[in-house]
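Peer 1: Return a 3D structure for these sequence lines:
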Amino acid sequence: MEHETFLIESDSQDKLRSYQQSSIPFLSKISPGIYWSLLLLSIGLIAYYQIFAPDWNYSDVLRINSFTLLIWITVLFFSSIVSSYSKNYLRGFKFQNRFTILSFGFTLSVMLFVMANHVLLLISSWLAMGIFMAKLIGVNKTWGEAKEAEKFTLKYFLAGSFFLSVGVLILSYSTNNFSLTFLMELSEVDSSSLFFISSVLIIIAAIIQSAIFPFHKWLLSAMTSPTPASALMHAGFVNGSGILLTLFAPLLIVSNSLWILFIIGGVTAILAQFMKLIQVNVKHKLACSTIAQMGFMIMQCGLGFFNAAVAHLILHGFYKAYLFLSSGEHIAQTFPRETPRIRITFPQAIVVVVFGILGALLFSLLTGKTNLTDSSVFLTLIVAITVGQATYNIVKENSLTYLQKFAVSGGIFIAGISVYALVFNGITRLMSEMPMIQQPQILNPLEIIFGVIFLIGFFIMKLGVHTRLPWLYVRLLNLSQPYRKTIHYYKK
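Peer 2: Here you go, the predicted structure:
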């Protein structure tokens, strides 16, 4: 036993010594500096653009505006953080240079996608995003499961690119024009049956990339990617559908296809939240959380608030990148625990309801969403639920006095909603050149019925009803399983 212990300790020391002596590849050393320099340049460009409003359109092929620069800043910030983190995190990793090259290719493809004005360039950059991300998922070429995950996810990304290509080219060939700007201007004044078909195909491409149900399995199967690649995927890649839908907002609105986004997004948000509750793996919990957040983002697009969707994807990117890069601080596997049930007294319930309503009113006041007869009511309802949930967590905290609970609840919801409203209004201003980025829809019976179903599902989840229904638990567990070849398939 002592001899075995000595061998283990000796092996560990050899690995540590090998890590300390390993050098960081040249590309990994310089990539953070390149990313941070490009980020500073983009910040300078957006400031210049806001002051002088130049016309940066190049032969109907490239187009740079405030929205373009906003997404550049976002993706470059995430890439800068991930690159700086991975420089030492992946030190000694055999494929560190490969990771650096693929990450750089992915970042450039996103930047190219958001400034593309020619549909062929748009399609090509969307395809490149998927290929680079699949390669990042399978960056470890010596790991069988990683190679299977790469092949599995690439099938989804190629399918998404195919649907996007068909949907966009239908528009281009029917109008004999390949300029995205022209196609969206035409969509604002004209409508045809082809518009709806094109919209549905573009929606399919978007929901595949965002892992929206029933295309969610690829994200659950992508756990073979290194943590920095996962951060880049969850903070940038899955959010790309929000950008895509924003670019085609006039087409989606005129073709009356927003209800598809609203329903699919709502179903995904509830299902993924349920699936998250039964996961025992940290990365799978984060994946289900991402799927749920993408559901909310798609739902916002379905409400006609593409500006809210972009604000959501940016804030989600910051939040999820942090969670993935700090996931090593958490235990990778835990035993399932009983979901805590909501137990609340009547006075506490009153406080939760009052703060929820006040939060919704403050959000409406700061953002101008005061109309109760259109889809903006759903945005304020989601804010009310969020504030109510945060208030519930505070009022149940036994370490605080009643006065402290009241003060903390008020301070959090005022500060939180004010910051969100500031971000929302700022992004809306930067997107002002984009057509139809905020078009509230008149409420119809279908949306009202589904909204009620959404609320019922939310409260069923919070009350833990699914834990008392074995058939539902098993069904959710099966839905959240990754592709079988990506987990313990190759035995050594």
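Peer 1: Is it correct that G144 is in contact with T486?
Peer 2: No - the pair G144 / T486 is not scored as a contact, 9.5 Å apart, by C-beta atoms under 8 Å. Yep, even glycine has a C-beta here, placed from its N, CA and C like the rest.
Peer 1: Neighbour count for these two, which is higher?
Peer 2: Taking neighbours as other C-beta atoms under 10 Å, G144 and T486 compare with T486 leading, 26 against 16.
Peer 1: Surely I427 is in a helix?
Peer 2: Yes - the assignment for I427 by DSSP: H, G, I helix; E, B strand; the rest coil puts it in a helix.
Peer 1: For it, list the residues it contacts.
Peer 2: 70, 307, 310-311, 314 (C-beta atoms under 8 Å, 6 or more residues apart in numbering).
Peer 1: let's see 10 Å
Peer 2: Going by C-beta atoms under 10 Å, 6 or more residues apart in numbering, I427 touches 66-67, 70, 307-312, 314-315, 437.
Peer 1: Can you tell me which of these comes closest to I264?
Peer 2: A309 (13.7 Å; C-beta to C-beta).
Peer 1: Check which element follows the worst-scoring helix or strand of the chain on mean pLDDT along the chain.
Peer 2: When each helix and strand of the chain is scored by mean pLDDT, DSSP states H and E, helix 2-21 comes last, with a mean of 44. Proceeding N to C from helix 2-21, the next assigned helix or strand is helix 26-52, under DSSP states H and E.
Peer 1: Quick check: buried residues in the helix or strand where W126 lies?
Peer 2: W126 is part of helix 119-137 when elements are defined by DSSP H and E. For helix 119-137, a neighbour-count test (16 or more other C-beta atoms under 10 Å) marks 119, 121-137 as buried.
Peer 1: likewise stretch 60-69?
Peer 2: For stretch 60-69, using 16+ other C-beta under 10 Å, the buried residues are 63-69.
Peer 1: Disregarding flanking residues, what is the spatial nearest neighbour of the residue positioned nearest the centre of the chain?
Peer 2: Nearest to the centroid of the C-alpha atoms of the chain, with distances taken as C-alpha atoms, centre = their mean, sits N239, at 4.0 Å. Closest residue to N239 apart from its sequence neighbours, by C-beta to C-beta, 6 or more residues apart in numbering: L313 at 3.9 Å.
Peer 1: tell me the pLDDT at that neighbour?
Peer 2: What the model reports as pLDDT for L313 is 87.
Peer 1: Remind me what whichever strand or helix holds L361 packs against, helices and strands.
Peer 2: Secondary structure from DSSP H and E places L361 in helix 346-367. Applying 3 or more C-beta pairs under 10 Å, 6 or more residues apart in numbering; DSSP states H and E, one finds that helix 346-367 contacts helix 376-395, helix 402-430.
Peer 1: Let me know which of those helices is tucked in deepest.
Peer 2: The highest average neighbour count among the helices and strands packed on helix 346-367, using mean count of other C-beta atoms under 10 Å, belongs to helix 376-395 at a mean of 20.
Peer 1: Show me where the stretch 1-150 of the chain dips below the pLDDT cut-off.
Peer 2: Applying pLDDT under 70 to the stretch 1-150 of the chain flags the ranges 1-23.
Peer 1: ok, now the stretch 251-400 of the chain?
Peer 2: In the stretch 251-400 of the chain, residues with pLDDT under 70: 327-349, 351, 369-374, 388-400.
Peer 1: Please repeat the previous calculation with a cut-off of 80.
Peer 2: 277-283, 321-400 (pLDDT under 80).
Peer 1: Tell me who's in contact with the residue nearest to the centre of the chain.
Peer 2: N239 neighbours (C-beta under 10 Å, 6+ apart): 71, 74-75, 78, 110, 209-210, 233, 290, 293-294, 297, 309-310, 312-314, 316-317, 320.
Peer 1: Out of these, name the ones that lie in helices.
Peer 2: 71, 74-75, 78, 110, 209, 290, 293-294, 297, 309-310, 312-314, 316-317, 320 (DSSP state H).
Peer 1: Including distance to P214, could the contacts of I427 go into TSV?
Peer 2: Listed next are the contacts of I427 as TSV, based on distance: C-beta to C-beta, whole Å:
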residue	distance to P214
S66	36
F67	30
L70	31
N307	28
A308	25
A309	21
V310	25
A311	27
H312	22
I314	27
L315	26
I437	28
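Peer 1: quick one: the helices in the stretch 51-200 of the chain?
Peer 2: 66-89, 96-115, 119-137, 144-175, 180-189, 193-209 (DSSP state H, counting those that start in this stretch).
Peer 1: Which neighbouring elements make contact with the third one?
Peer 2: So that's helix 119-137. helix 96-115, helix 144-175, helix 180-189, helix 193-209, helix 217-220, helix 227-232, helix 240-247.
Peer 1: out of the ones you listed, which comes closest to D55?
Peer 2: helix 180-189 (12.2 Å).
Peer 1: Leaving out chain neighbours, which residue sits closest to Q279?
Peer 2: Q279 sits nearest to K285 (C-beta to C-beta, 6+ apart), 4.5 Å away.
Peer 1: quick check, the one you found in a helix?
Peer 2: Yes - counting by three-state DSSP, K285 falls inside a helix.
Peer 1: you'd agree it is up against Q273?
Peer 2: No - assessed by C-beta atoms under 10 Å, K285 is found out of contact with Q273, at 11.2 Å.
Peer 1: okay, the angle between the helix holding L361 and helix 402-430?
Peer 2: Counting by axes from the mean of the first three to the mean of the last three C-alpha atoms, to 10 degrees, helix 346-367 lies at 20 degrees to helix 402-430.
Peer 1: can you pull the buried residues of helix 346-367?
Peer 2: 348, 351-352, 355-356, 358-360, 362-364, 367.
Peer 1: again, but for stretch 428-437
Peer 2: For stretch 428-437, using 16+ other C-beta under 10 Å, the buried residues are 428, 430-431, 434-437.
Peer 1: pull the CA atoms of that stretch into PDB?
Peer 2: Output of stretch 428-437 as PDB, limited to C-alpha atoms (Å, rounded to 0.1, in the frame of the first residue of the first chain):
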ATOM      1  CA  THR A 428     -32.600  50.300 -28.400                       C
ATOM      2  CA  ARG A 429     -30.900  53.600 -29.300                       C
ATOM      3  CA  LEU A 430     -27.900  51.800 -30.900                       C
ATOM      4  CA  MET A 431     -30.300  49.700 -33.000                       C
ATOM      5  CA  SER A 432     -32.400  52.700 -34.100                       C
ATOM      6  CA  GLU A 433     -31.100  52.300 -37.700                       C
ATOM      7  CA  MET A 434     -32.400  48.700 -37.900                       C
ATOM      8  CA  PRO A 435     -35.900  48.400 -39.300                       C
ATOM      9  CA  MET A 436     -38.800  47.200 -37.100                       C
ATOM     10  CA  ILE A 437     -36.700  46.200 -34.100                       C
END
